[in-house]
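**Q** I need the structure of the sequence given here:
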Amino acid sequence: MATRNKGRRGRSRKRRPSAASALERASPQDAQAGARADAAGAGTGRAGTAGAKQRASAAKQRPRTHARDRRGAAQRARRERPQAPWHPLPLSELLILVGAIGTVIGLQKGLSHGGGPLLAGLAAVVVGTVEVTLREHLSGFRSHAVLLSLLAAIVLHTAVVLIVAAFTRTPRALNVALLALDAAVFATVFKLLRARFRDARRERVFAGR
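**A** Sure, this is the predicted structure:
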């Protein structure tokens with residue numbers, strides 16, 4: 001029994017290699033592969049961080065882009081001339097051109113022989129001009145409050161003078177007395193047209209947004 005115990009004690013136990021010795025015995029190729037894997041992981045992390053930053057910056061720029069688009073649409077809406085009901089036929093422009101030609105012909109012939117072409121030409125120019133200016137004003141494209149108010153006062157003054165002249169000789173004092181009426185008509189029409197233009201311009205800009 002003693003001999004068996006001595007034999008058992010005398011046997012040497014093999015030690016398992018430790019983790020440090022295993023790493024030391026690893027080949028350089030394994031070390032390089034591990035370094036590459038670490039570098040790839042670090043690169044992936046940096047790429048993910050950069051992508052997150054780009055997405056965040058893009059999200060911040062979206063409201064600015066939408067605001068820029070709205071401002072551009074509003075500016076385009078202000079610049080676009082309103083179209084006539086008979087578009088694309090330039091009827092008002094042709095009427096102004098024909099009226100101008102008739103006016104020139106009437107002036108060359110004189111009032112005695114060219115009274116008809118002169119009056120017809122002036123009427124055509126006035127009608128074409130009023131149509132264009134009134135369409136632009138009421139649509140909020142461009143304000144013509146002064147011109148339209150002046151035309152209203154002139155039309156009223158002329159109508160009163162012609163009505164009086166149909167029954168009796170027009171006194172000079174009538175023209176002086178009508179100046180106060182002309183001023184009142186001009187101020188009233190100008191105020192109304194100005195308010196209408198502001199409302200139309202506001203609607204035009206809002207529709208462009």
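**Q** which intervals of this structure have sub-threshold pLDDT?
**A** 1-53, 56-79, 208-209 (pLDDT under 70).
**Q** do that again at 80, thanks
**A** The chain contains residues with pLDDT under 80 at 1-81, 110-115, 170, 207-209.
**Q** From the contact counts, what lies against whichever strand or helix holds Arg202?
**A** Element membership of Arg202 [criterion: DSSP states H and E] is helix 172-208. Packed against helix 172-208 by the contact rule (3 or more C-beta pairs under 8 Å, 6 or more residues apart in numbering; DSSP states H and E) you find helix 28-79, helix 91-138, helix 145-167. Where you see a C-beta, it was placed from the backbone N, CA and C, and this is true even at glycine.
**Q** Now tell me what touches stretch 114-123 from outside.
**A** Residues from elsewhere that reach stretch 114-123, judged by C-beta atoms under 8 Å, 6 or more residues apart in numbering: 98-109, 111.
**Q** run the last query once more with 6 Å
**A** With C-beta atoms under 6 Å, 6 or more residues apart in numbering as the test, stretch 114-123 has contacts from Gly99, Gly102, Thr103, Ile105, Gly106.
**Q** which of those count as buried?
**A** With burial judged by 16 or more other C-beta atoms under 10 Å, the buried subset of the contacts of stretch 114-123 is Gly99, Gly102, Thr103, Gly106.
**Q** now the end-to-end length of stretch 131-144.
**A** Terminal residues of stretch 131-144 lie 11 Å apart, using C-alpha to C-alpha, to the nearest Å.
**Q** and it, which residues are buried?
**A** Neighbour-count burial for stretch 131-144, counted by 16+ other C-beta under 10 Å, picks out Glu131, Val132, Thr133, Arg135, Glu136, His137, Leu138, Ser139, Gly140, Phe141, Ser143, His144.
**Q** which ones are touching the second one?
**A** The contact partners of Val132, taken as C-beta under 6 Å, 6+ apart, are Ser92.
**Q** For Ala123, see how far away it is.
**A** Going from Val132 to Ala123 by C-beta to C-beta, to the nearest Å gives 15 Å.
**Q** How about the fourth one?
**A** Arg135 sits 19 Å away from Ala123, taking C-beta to C-beta as the criterion.
**Q** domains in this protein, as residue ranges please.
**A** Split into domains by automatic domain parsing, the chain comes to 85-138, 144-209.
**Q** Those domains: which one's closest to Gln54?
**A** Gln54 lies closest to domain 144-209 among the domains of the chain, at 29.5 Å (C-beta to C-beta).
**Q** and Trp86, how many neighbours does it have?
**A** Per other C-beta atoms under 10 Å, the neighbour tally for Trp86 reads 9.
**Q** In three-state terms, how would it be classified?
**A** coil (DSSP: H, G, I helix; E, B strand; the rest coil).
**Q** what's the answer for Arg81, then?
**A** At Arg81, secondary structure determined by three-state DSSP is coil.
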